[in-house]
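> how would this look folded up:
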Amino acid sequence: MLREIPSALVKELRSLDWRGPRGLEAAEAAASVTLAVLAALAVHSGEPWWAGITAFMVTRAAPSVALSRGLMRIAGSIVGAAVALIVLRLFVYQSLPFCLSLFALSCIGSFGFVCSRFGYAWVVGTVTACLIMLMSFGQPEGTFNTAVNRVAEVMIGTVASLIVTGLSPAPTGASAAPAAGLLEPPPLAFWRRDYGPKLARWLPGKGRVLLHVCRGGLTVMLMPALADWLAPVSPVTMGITAVMIMSIPTTAMLDPDSPLIIQRAAHRLIGCLLGALAGLACLAFVGSDFLLWLALIPPGIWLCSQIQTGTTGMTYIGTQAMFAYLMSLVQGKGPPETISPGFERLVGVMGGLSVLFVITLSLSLIPLSSPTPAPANAD
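Numbers count the residues shown, from 1 in each chain. Below you'll find the predicted structure:
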């Protein structure tokens, strides 16, 4: 698995598309991210990289697909921010309930991802809630501003992406990707008398789903407790790492022998290393030159998008390299004065991966059967 990565990346670099649909989508992504970062800087956003990441994730060659993802991302961000405000209001000074809330939110988001056709909104809502909770746990007095800023950055990134996508020529054949088979959602009405029998009918064959949501939930839940011990950094980056790694396609859980979870974690590690090192290398000679710093954003995003939409199975490396490249290069309101924050974020990602690997290996010892997909009309 790991030995194939260098040759696959070389093949991707040799097959870069300059004028075709793949090249157009990469150019749109680069333009969207740059526009989003500029707009976020113009309104004095605290975390302009979040607007850039939103623009990258929303940008699609087909405007209808970009609009759908943008609306789901905005809706998920608003709901996630509201949930984070409620949880912090209740448990801001109570570590155990706070960590249990992280676990519950991660599990709910994972279930929504594999059971709903609006799974992307569930994932974004979970990531947003955990992000705001982890960022605000040490400074709860700024929770509301943090929530508003994160939602505003998502809106900025979405609008930037839609503007660029709408102004770009649509390539022939651009359409939404076919949806993966959904799993039957668990019964939720626990107050009803027939809840027990319904739950008993739902549980058989769902062991891998339960293992999946527990794996992600446990990792996120442990971030506040282990952040200081594992790495001297904020738990924010590790929380995002854990949540995004566990947002795997439904097919990865339908196949009991699928190695996609471990492969995704490996791709996360390699992608983050490549992206972060590239971003830090750029910062080494940027200095305080704003125009040079800004000019270095599009090429890296363009290349990461090319890898993401390639055909050699390195899709997630491209996505994660973009995350790390942007988070390393865009650290504040202009060119950073030092590479320390970018290096700290890289260390945080490694810490999150370490916790996730330990939990994954521990839970992999449990023998489980594969889950049963729901009918095609399940939501």
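> Would you mind extracting the C-alpha trace of stretch 105-114 into PDB?
Presented in PDB, the C-alpha positions along stretch 105-114 are these (Å, rounded to 0.1, in the frame of the first residue of the first chain):
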ATOM      1  CA  LEU A 105     -21.600  14.800  18.500                       C
ATOM      2  CA  SER A 106     -19.000  12.800  16.600                       C
ATOM      3  CA  CYS A 107     -21.100   9.700  16.700                       C
ATOM      4  CA  ILE A 108     -24.200  11.500  15.600                       C
ATOM      5  CA  GLY A 109     -22.400  13.100  12.700                       C
ATOM      6  CA  SER A 110     -20.900   9.800  11.600                       C
ATOM      7  CA  PHE A 111     -24.400   8.200  11.700                       C
ATOM      8  CA  GLY A 112     -25.800  11.100   9.700                       C
ATOM      9  CA  PHE A 113     -23.000  10.700   7.100                       C
ATOM     10  CA  VAL A 114     -23.700   7.100   6.400                       C
END
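> Pull out the buried positions in that stretch.
105-114 (16 or more other Cβ atoms under 10 Å). All C-beta spots, glycine's among them, are computed from the backbone N, C-alpha and C.
> can you give me the mean pLDDT across it?
In this model, stretch 105-114 has a mean pLDDT of 82.
> Which of the buried residues of stretch 105-114 sits closest to residue 200?
residue 111 (17.7 Å; Cβ to Cβ).
> Name the next helix or strand downstream of the one helix or strand the closest one maps to, please.
According to DSSP states H and E, residue 111 maps onto helix 95-115. Once helix 95-115 ends, the next helix or strand along the chain (criterion: DSSP H and E) is helix 119-136.
> Centre of the chain to that next one, how far?
Relative to the mean C-alpha coordinate of its chain, helix 119-136 is positioned 9 Å out (Cα atoms, centre = their mean, to the nearest Å).
> could you say what helices and strands it packs with?
helix 63-91, helix 95-115, helix 143-167, helix 207-230, helix 236-245 (3 or more Cβ pairs under 8 Å, 6 or more residues apart in numbering; DSSP states H and E).
> tell me the most buried of the ones you listed?
Highest mean neighbour count of these: helix 236-245, a mean of 26 (counted as mean count of other Cβ atoms under 10 Å).
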